[in-house]
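S.K.: Need the 3D shape of this:
(chains A, B, C and D)
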There are 2 protein chains.
Amino acid sequence: MSRDVTRAAARLPSLPARLPATPPTLADVAERAGVSRQTVSNAINNPDLLRPDTLARVQGAIDELGYSPNRAARNLRTRSSHLVGMRIGPAQEGTANATMDRFVHSLVETTREAGYHVLLFAAEPDDPMTGYDDLLRSTAVDAFVITDTYLGNPQASWLEQRRAPFVAFGRPWDQPEARHPWVDVDGAAGTALATDHLLDKGHTRVAWIGWRKDSRIGEDRRSGWLRAMHGRGLSTTGLASRVEDTVASGRDASAHLLDEAQPSAFVCASDTLAVGVLRTLADRGLVAGRDVAVVGFDDSQVAPLTQPGLTSVRQPLEDVAVEVVKALEGLLGHPPAVGPGVMLTPTLTVRGSS
Amino acid sequence: MSRDVTRAAARLPSLPARLPATPPTLADVAERAGVSRQTVSNAINNPDLLRPDTLARVQGAIDELGYSPNRAARNLRTRSSHLVGMRIGPAQEGTANATMDRFVHSLVETTREAGYHVLLFAAEPDDPMTGYDDLLRSTAVDAFVITDTYLGNPQASWLEQRRAPFVAFGRPWDQPEARHPWVDVDGAAGTALATDHLLDKGHTRVAWIGWRKDSRIGEDRRSGWLRAMHGRGLSTTGLASRVEDTVASGRDASAHLLDEAQPSAFVCASDTLAVGVLRTLADRGLVAGRDVAVVGFDDSQVAPLTQPGLTSVRQPLEDVAVEVVKALEGLLGHPPAVGPGVMLTPTLTVRGSS
DNA sequence: TTGAAAGCGCTAACAG
DNA sequence: CTGTTAGCGCTTTCAA
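M.R.: Purely as a prediction, here's the structure:
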């Protein structure tokens, strides 16, 4: 093989740590170990099939050469890439985005442990599905993780129709017929946790500031507050408000509620709204955590920075990632296994505001 | 070809939008269009070589079949994956992380336009280079983008020694001999911009609160403040402080500076420190923006949420991504072209605090 | 247990 | 301008 002459010549003068111009192949390892290529392949993929001494010799050659199987070749052969695609939206400022970023970190970490990598892609400006379509048809990824299952977007049903493997972070709100695996965080449980926390501290008039009614997630979070209040036989009349997710809205809403309903505590659908509440309290010379308690949602970057620190509901995104990867592994297993949806419970990060 | 019989049978009863069990190949398109496989390949990669009518026929077949070249096969053949690897650190809370997340978004967006995808990977807990090594040896990515070029980490020199194509977001602080392409944001220019902004407003005693001396980035940012002050012949004696990057440190440092040196404005190395300054002002009944001006750095999520809004230096991460991708394209071009480092200038987002 | 042969789907080189 | 041939590096039959 003249190729090997070239390769040997190319490798000789180089530093041990430097990668040769063209990486070693299965054949190189085989020659070095004095076995056939398939034996090397088996050493990697089915070590049990080899005699221990053969395995050791092959392993030695692999280490010496710094061999790692060529992905493209392996992908072509096995029809799988060990890549998981995930679309990320534009870098809009805001809490929702930050939550997704936190999730991406967890996902990358978890997929690594499962032998997968995460391929990020951006939405095409025009068609929301083109990115998925291309990756799917070119068999560039084995599966997708989708995240925004609300706002009635077409991803889930589109992928399902295509029989593309995917796991959703977010329950299929509007699709009871959906059969795909999903993982979600129980927002209602989170706000119930927050509300109970306040009730345990002796508050009886706990107000809610949430999002507009068309937000499924917002209504879900609101229901947890309602449930906790009613669970103790407390009235919620006049204690709720539905507004835009901005600081100004939270500020206005809390001012209004304080005037009209005299709550001693607020549970909010987001940290943004909670910051608005803190501002109202400051406006009025009230001390958060002493005079009025406040709890936010998402435990965002701002929560520890407010004065006092903002108590906030925290989504267990690390656990979400773990469950997503589990579902992914089931989906890509032989035979494919799709379990039921997984619902996780958030925790409460208690700080000075409550 | 018995395979085609199977395929046709499989495709017939399916919905047009549903992906056939096994995606169409070049051969399928070729047969459909009545040309050879090579012609289809040319239609995709070198359309100029085809006669217009042939091209149209092939294109038609491609569209009808929903054909997209198999990535693995193409990667194997061309020895390139059109994937760019980027390592992300653990999801620690904090501004630095948020900046990186913003950058990732921009990078994904920009690479998409260049026909690349971003492959994210996590650091192995033990060895910082294993992730790079594996991806490199398995030829899973064409190049890397590295981000933390400070803290004397080994990535840059390691990759350079391996002759692995990579672009750094961050100048090679400690390696004047480095020859790799890099893109960075001129922190000194940012703080100079901030300082000049304050000086233009009539301030003469502008204080600096920055990081400890071992931070290259911190010292760079500090130098911009120094330069701007000295540029107007103003003294900086007693006006600077170097502390940890925490709210508490910013609060303490600003309190101390106010007592000792009576500054009327603060420029900070981070938004975190600036939040600390705001807290001191609130403690003392001073109004930020009216009594004392404050400017932060990074224009993080908290900046618009503080009361009043925090003026902050903003890194042009979108532009960084564009330059990084440009450098990447040069690096991966034929022949590879490596240009000089690119230094970008930040902007100032002015809010109520100044 | 190990080895030989075949082929995944594509593109580069050349021949027509 | 189009078609033929070869082979990228790997894994999966099937034999030995």
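S.K.: for the closest residue in space to residue A:109 that isn't next to it in sequence, what are its contacts?
M.R.: The shortest distance from residue A:109 to any non-neighbouring residue, by CB to CB, 6 or more residues apart in numbering or on different chains, is to residue B:122 (4.7 Å). Where C-beta positions appear, they are placed from N, C-alpha and C, glycine not excepted. Counting by CB atoms under 8 Å, 6 or more residues apart in numbering or on different chains, residue B:122 makes contact with A:105, A:108, A:109, A:112, B:87, B:88, B:90, B:131.
S.K.: The residues you listed in helices, which ones?
M.R.: In helices, judged by DSSP state H, the following of the contacts of residue B:122 are found: A:105, A:108, A:109, A:112, B:131.
S.K.: any idea which helix or strand carries the closest residue to residue A:178 other than its chain neighbours?
M.R.: Taking CB to CB, 6+ apart, and ignoring the residues beside it in sequence, residue A:178 has residue A:172 as its nearest neighbour in space, at 3.7 Å. Counting by DSSP states H and E, residue A:172 is held by no secondary-structure element, helix or strand.
S.K.: Distance check, residue A:172 against DNA strand D.
M.R.: 33 Å (CB to the nearest atom of the strand, to the nearest Å).
S.K.: about what we covered before: so for the contacts of residue B:122, which is the shakiest by pLDDT?
M.R.: Model confidence across the contacts of residue B:122 bottoms out at residue B:90, which has 79.
S.K.: Pull the contacting residues for it.
M.R.: A:105, A:109, B:122, B:123.
S.K.: Reformat those residues as CSV; add distance to residue B:331.
M.R.: Listed next are these as CSV, based on distance: CB to CB, whole Å:
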residue, distance to residue B:331
A:105, 27
A:109, 28
B:122, 24
B:123, 23
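S.K.: okay if I get those as a markdown table plus distance to DNA strand C?
M.R.: Formatted as a markdown table, the contacts of residue B:90 follow (distance: CB to the nearest atom of the strand, whole Å):
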| residue | distance to DNA strand C |
| --- | --- |
| A:105 | 34 |
| A:109 | 31 |
| B:122 | 29 |
| B:123 | 32 |
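S.K.: Pick the one among those closest to DNA strand D.
M.R.: Nearest to DNA strand D among those: residue B:122, at 23.0 Å, using CB to the nearest atom of the strand.
S.K.: So what does that closest one have for phi and psi?
M.R.: Torsion angles at residue B:122 (phi, psi; degrees, to the nearest 10) stand at phi -110, psi 150.
S.K.: Name the nearest residue to residue A:219, sequence neighbours excluded.
M.R.: residue A:213 (6.6 Å).
S.K.: Equivalent analysis for residue A:291, please.
M.R.: In space, residue A:291 comes closest to residue A:281 once its chain neighbours are excluded; the distance is 7.1 Å by CB to CB, 6+ apart.
S.K.: and that neighbour, what does it touch?
M.R.: Applying CB under 8 Å, 6+ apart to residue A:281 gives the contacts A:254, A:287, A:288, A:291, A:292, A:294.
S.K.: hang on, the fifth one packs against residue A:267?
M.R.: If I follow you right, that is residue A:292. No: using CB atoms under 8 Å as the test, residue A:292 is too far from residue A:267 to be in contact (11.9 Å).
S.K.: The helix or strand harbouring residue A:208 near chain B at all?
M.R.: When secondary structure is defined using DSSP H and E, the element that contains residue A:208 is strand A:206-211. No: when contact is scored as CB under 8 Å from any CB of the partner chain, no part of strand A:206-211 falls within range of chain B; the minimum is 15.8 Å.
S.K.: Now do that strand: distance to the chain's middle.
M.R.: Here strand A:206-211 is found 26 Å from its chain centre; the criterion is CA atoms, centre = their mean, to the nearest Å.
S.K.: Stretch A:206-218 too?
M.R.: On CA atoms, centre = their mean, the centre of stretch A:206-218 falls 23 Å from that of its chain.
S.K.: same check, this time on stretch A:330-348
M.R.: When distances are taken as CA atoms, centre = their mean, stretch A:330-348 is centred 13 Å away from the chain's centroid.
S.K.: And stretch A:185-202, by the same measure?
M.R.: Its chain's C-alpha centre lies 23 Å from the corresponding centre of stretch A:185-202 when counted by CA atoms, centre = their mean.
S.K.: Could you do stretch A:265-276 as well?
M.R.: For stretch A:265-276, the distance to the chain centre is 23 Å (CA atoms, centre = their mean).
S.K.: And for residue A:165, the neighbour number?
M.R.: A count of neighbours around residue A:165, defined by other CB atoms under 10 Å in any protein chain shown, yields 21.
S.K.: Correction: the previous question concerned residue A:31.
M.R.: 18.
S.K.: Ok, residue A:173 next?
M.R.: Close neighbours of residue A:173, defined as other CB under 10 Å, add up to 17.
S.K.: Apart from its chain neighbours, what residue comes closest to it?
M.R.: residue A:216 (4.6 Å).
S.K.: and the residue nearest to residue A:185 when sequence neighbours are not counted, how far is that from chain B?
M.R.: For residue A:185, ignoring the flanking residues on the chain, the nearest one in space by CB to CB, 6+ apart is residue A:315 at 4.6 Å. Separation of residue A:315 from chain B (CB to the nearest CB, to the nearest Å) stands at 12 Å.
S.K.: Could you pull up the residues touching residue A:315?
M.R.: Contacts were defined as CB under 8 Å, 6+ apart; by that measure residue A:315 touches A:99, A:185, A:190, A:298, A:299, A:344, A:346.
S.K.: By pLDDT, give me the weakest of those.
M.R.: Confidence by pLDDT is poorest for residue A:99 among the contacts of residue A:315, given 92.
S.K.: What count of nearby residues applies to it?
M.R.: Count around residue A:99 with other CB under 10 Å applied: 18.
S.K.: try residue A:44
M.R.: Burial of residue A:44 is recorded as 16 neighbouring residues (other CB under 10 Å).
S.K.: surely it meets residue A:68?
M.R.: No: checked against CB under 8 Å, the pair residue A:44 and residue A:68 is beyond contact range at 9.5 Å.
S.K.: picking that back up, the more surrounded of residue A:292 and residue A:267?
M.R.: Comparing residue A:292 with residue A:267 by neighbour count (other CB under 10 Å), the higher total belongs to residue A:267, at 38 against 23.
S.K.: How about the secondary structure of that one?
M.R.: strand (DSSP: H, G, I helix; E, B strand; the rest coil).
S.K.: still on that earlier bit, which of the contacts of residue B:90 lies closest to residue B:76?
M.R.: Of all the contacts of residue B:90, the one with the least separation from residue B:76 (CB to CB) is residue B:122, at 26.3 Å.
S.K.: Report pLDDT for the residue nearest to residue A:109.
M.R.: We note a pLDDT of 93 for residue B:122 in this prediction.
S.K.: The one 4 residues further on now?
M.R.: Residue B:126 is assigned a predicted lDDT (pLDDT) of 78.
S.K.: can you map out the helices along the stretch 101-250 of chain A?
M.R.: For the stretch 101-250 of chain A, helices defined by DSSP state H, counting those that start in this stretch occupy the ranges A:130-137, A:155-161, A:187-200, A:216-231, A:247-261.
S.K.: so where's chain A uncertain?
M.R.: Per-residue confidence of chain A (counting by pLDDT under 70) places the weak regions at A:1-21, A:93-94, A:151-152.
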